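Asks: Here you go, sequence then predicted model.
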Amino acid sequence: MSGPFSTEQQEYLKGFMFGVEARRAAAGLPLAPGGGEASDPNDLQRAAQDRTVAAGGKLVAEEEAKRKKPPLLRFDEIAAMAQEGAFPKGTDVFLTKYFGLFYVAPTQNAYMCRLRIPGGILTAHQMRGVADIADDLAGGFADITTRANLQLREIPASAPPEIVIRLSEIGLTSRGSGADNIRNVTGSPTAGIDPHELLDTRPHTRAMHHFILHHPELYGLPRKFNIAYDGGGAVAVLEDTNDIAFTAVQVADGFGVPPGVYYRLGLGGITGHKDFARETGVIVAPDETIPLANAILRVFIAEGNRTDRTKARLKYVLDRIGIPAYLDKVEAELGRPLTRVDAAAIQPRPVQDRIGHIGVHKQKQEGRSYIGVVFPVGRVTSERMRGLAAIADRYGSAQVRLTVWQNLLVPDIAEADIPAACAAIEALGLDWKASHLRAGLVACTGNAGCKFSASNTKKHATDLVEFLEPRITVDAPVNIHLTGCHHSCAQHYISDFGLLAAKVEQGEDMVEGYDLHVGGGAGAHQAIGRLIRPGVVFEDLPPMILALLREWMRSREPNESFQDWSAARDDATLLALTDAAHAEAA
């Protein structure tokens, strides 16, 4: 898009901003005209900032920027920049992320736009709409993220207002998908169709999504925040890596509460900082998760660190005051006690299928199945988006479901239509089958699109699996996650093989490489991977991983997973295997 906005677009933007201001006025909130400082005793963020300053703390630049003017009232500045063909500078780069718009320089002189897709569920109409937006205003493709979401890339300076408008026209939004906000709410991708699930998470992810969108006070967090719902189905949503983890559990009779299905509450998951969500002993009825999450968030707003962004996540509040004290504050905010049960009351979770997101799987609906479609490291072209939408229309229920494994499911396909649907997927140049290695491959954006990344993770992930597949057939699930920096968007610590990008000295040059971790897992196999070899040049890495896989296949006990096998061996043993592989390759 180039040139000035049309009269229709200008009127839309005026109406949009008028509506925002009108809603604030109706709620008794300050309008902050001209970008001046707002003061309102009911402003949770400002009250927290004031307490920080009163205690002698110095607000970081991002907090000062949020204090000057609420970021969600800055759409007029974004529109003005677009008309000038200019990108944001300074703290405006941070503030623009409140609309899901990330200026990704110096990697690219362009924006990335991250959407909000609660539970990862899209209609075929929305998928086609995103494809059209990608063609008209971005790079002609989308990336599926590890929060079951979509990102558009290669967006020019003139395009953001039009992208926001067109997303709203297809029932989507990018609001609050970046910066210090609650990110996309994830839920079980097989919700409502899984024969083994305890709860259908769809109504809960949907309700939470809209609650967040309509409560502006929840955009005053000290840092990002993640919420996930696991319904006990076959495909993991990795809820234990989230700040709030709602895990469906069956509570037995005889423990002081009515037996039945509840959500168990976990708090403070952030595996990039080596922490899973911590057990709280709290259970909550499925229809009461929103009041509970609201109270948790309000306590976080009050207690979070606003002077050091490296210590501003929920984990660090819990480290400082502990789970019991935090829950006391949550109860005070709720105005009632939380329900707690002994761990013995919780029955075992249904078993997860580590490759349940790939291939054909029967649904709870008689005669219906879903197909999990493989994507090379999560990238999908606009042409394939339209093709998948057509398949969902013709053979399914006009719906697709994104997963945290960077792929998607097409649900509700009649048994008689499965061969035709699979053939149509293959005709798009995609597949519904994958080796255990390819099915467990996850990669972040990498340095092709992210300034923080030290390596080209998506290219390396593809190169790695193409090296391994002709040389070894793995008969059990194995996960390989490549992440470009310490933010760990690809969650390298919870993978069988976790690769954290690093610059490695090679002669007089610094080249792309990785720190090699092994033995991570999530859910019932929760573990943080351990570092066995730092600073490996990428070209040396595939033979090392191949050597570890071969030795696992050769020496394992019956049905022993790679995680269990590696846990039974010390660092020196695993390091020796990689040394031998390196020497042989050299």
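Replies: Yes, it's here.

Asks: quick one: low-confidence parts of the chain?
Replies: Along the chain, segments meeting pLDDT under 70 span 1-42, 585-586.

Asks: let's see it at 80
Replies: 1-42, 376, 581-586 (pLDDT under 80).

Asks: how many neighbours does Ile170 have?
Replies: Neighbour count for Ile170, taken as other C-beta atoms under 10 Å: 17. (Glycine included, C-beta is placed from N, CA and C.)

Asks: and if you look at Gly507?
Replies: Applying other C-beta under 10 Å, we find 6 other residues in the vicinity of Gly507.

Asks: What separation do you get for it and Ala501?
Replies: The gap separating Gly507 from Ala501 is 20 Å, by C-beta to C-beta, to the nearest Å.

Asks: repeat for Arg153
Replies: Distance of Arg153 to Ala501, given as C-beta to C-beta: 19 Å.

Asks: Neighbour count: the two, which is higher?
Replies: Each of Arg153 and Ala501 has its neighbours counted (other C-beta under 10 Å); Ala501 has more, 27 against 24.

Asks: quick one: contacts for the more buried one?
Replies: 446-447, 453-455, 457, 482-485, 512-514 (C-beta atoms under 8 Å, 6 or more residues apart in numbering).

Asks: Is it part of a helix or strand, or is it coil?
Replies: strand (DSSP: H, G, I helix; E, B strand; the rest coil).

Asks: Equivalent analysis for Leu575, please.
Replies: Assigned with three-state DSSP, Leu575 falls in the helix class.

Asks: Thought Arg533 was touching it, still the case?
Replies: Yes - using C-beta atoms under 8 Å, Leu575 makes contact with Arg533 at a distance of 6.2 Å.

Asks: which one of these two has more residues nearby?
Replies: More neighbours surround Arg533 than the other of Leu575 and Arg533, with 19 against 15 (other C-beta under 10 Å).

Asks: Tell me if that one really is in a strand.
Replies: Yes - under three-state DSSP, Arg533 falls within a strand.

Asks: got the contact list for it?
Replies: With contact set as C-beta under 8 Å, 6+ apart, Arg533 has these partners: 515-516, 544, 575, 578.

Asks: Keep only those of those residues that are in strands.
Replies: 515-516 (DSSP state E).

Asks: can you give me phi and psi for the residue positioned nearest the centre of the chain?
Replies: Residue closest to the mean C-alpha point of the chain, counted by C-alpha atoms, centre = their mean, is Arg147 at 2.4 Å. Arg147 adopts backbone torsions of phi -120, psi 30, taken as degrees, to the nearest 10.

Asks: What number of neighbouring residues does the nearest residue to it once chain neighbours are set aside come out with?
Replies: Excluding the flanking residues, the one nearest Arg147 by C-beta to C-beta, 6 or more residues apart in numbering is Asn184, at 4.7 Å. Number of residues near Asn184 (other C-beta under 10 Å) recorded here: 26.

Asks: what's Asn184 sitting at in phi/psi?
Replies: Main-chain dihedrals, Asn184, degrees, to the nearest 10: phi -50, psi 130.

Asks: check contacts around it.
Replies: Taking C-beta under 8 Å, 6+ apart as the criterion, Asn184 is in contact with 114-118, 145, 147-149, 177.

Asks: Adding neighbour count, secondary structure and distance to Lys315 as columns, could you present the contacts of Ala501 in CSV?
Replies: Shown next, in CSV, are those (neighbours: other C-beta atoms under 10 Å; DSSP: H, G, I helix; E, B strand; the rest coil; distance: C-beta to C-beta, whole Å):
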residue, neighbour count, secondary structure, distance to Lys315
Gly446, 27, coil, 26
Asn447, 20, coil, 27
Ser453, 23, coil, 23
Ala454, 21, coil, 24
Ser455, 27, coil, 26
Thr457, 32, helix, 24
Leu482, 30, strand, 24
Thr483, 29, strand, 18
Gly484, 32, coil, 21
Cys485, 21, coil, 18
Glu512, 22, strand, 30
Gly513, 25, strand, 28
Tyr514, 29, strand, 25
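
Asks: Many thanks, have a good one.
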